[in-house]
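# what follows is a protein structure lacking sequence information:
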């Protein structure tokens with residue numbers, strides 16, 4: 001397997017990880033926000049009366065960014081209501097006050113899964129990097145490590 005294929009496999013693994021996290025965040029938001037009738041009625045009212053309203057659950061996305069063909073960043077875009085929900089703020093409730101009622105939905109999902117992403121990258125990318133390491137001491141050593149996983 002050449003390095004282009006290895007990078008493609010790494011990118012695919014990162015894309016899959018991002019999609020799983022997006023789906024987990026959507027599930028978490030659904031559990032938090034639609035527990036009671038009041039939240040459902042409020043969401044319906046906002047959707048009917050505000051053209052810019054986009055329900056939080058449907059607004060959550062995952063967008064891995066590439067640079068020179070390799071994923072270097074993962075964005076998770078969502079509507080601004082997500083930040084308010086995470087911090088428990090809103091009308092008359094500021095961050096850190098006793099009235100704030102935080103309902104974390106981002107941190108519990110991503111905190112647990114970042115180690116999984118690190119393991120994916122270490123497993124996939126370590127082979128690529130090691131395959132590209134060149135030992136060079138002028139006049140003494142000029143070797144490249146080749147890894148054959150297949």
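That came through fine. Keep in mind that what you see is a predicted model, and the values were worked out from it rather than measured.
# so what's the residue count around the residue lying closest to residue 61 once chain neighbours are set aside?
Spatial nearest neighbour of residue 61, excluding adjacent residues (C-beta to C-beta, 6 or more residues apart in numbering): residue 77 at 4.9 Å. Bear in mind the C-beta positions are built from the backbone N, C-alpha and C, glycine included. By the criterion of other C-beta atoms under 10 Å, residue 77 has 11 neighbours.
# so residue 77 is in contact with residue 64, correct?
No - the criterion here is C-beta atoms under 8 Å, and residue 77 misses it with residue 64 at 12.0 Å.
# what ranges do the helices span in the chain?
3-33, 37-49, 56-59, 81-87, 107-132 (DSSP state H).
# give the rounded mean pLDDT of the first one.
I take that to be helix 3-33. The average pLDDT within helix 3-33 is 86.
# now do the contacts for residue 20.
residue 113 (C-beta atoms under 8 Å, 6 or more residues apart in numbering).
# and the gap between it and residue 70?
20 Å (C-beta to C-beta, to the nearest Å).
# low-confidence ranges, this protein, go.
For the chain, applying pLDDT under 70 flags the ranges 1, 33-54, 127-150.
# adding distance to residue 96, write the helices of the chain out as JSON lines.
Below are the helices of the chain laid out as JSON lines (distance: least, C-beta to C-beta, whole Å):
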{"stretch": "helix 3-33", "distance to residue 96": "20"}
{"stretch": "helix 37-49", "distance to residue 96": "23"}
{"stretch": "helix 56-59", "distance to residue 96": "22"}
{"stretch": "helix 81-87", "distance to residue 96": "8"}
{"stretch": "helix 107-132", "distance to residue 96": "16"}
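# for residue 98, which of these is the nearest?
helix 81-87 (13.6 Å; C-beta to C-beta).
# buried ones in that closest one?
Using 16 or more other C-beta atoms under 10 Å as the test for burial, helix 81-87 gives 81, 82, 84, 85, 86, 87.
# and stretch 11-29, by the same measure?
Going by neighbour count (16+ other C-beta under 10 Å), the buried part of stretch 11-29 is 11, 13, 14, 17, 18, 21, 22, 24, 25, 26, 28, 29.
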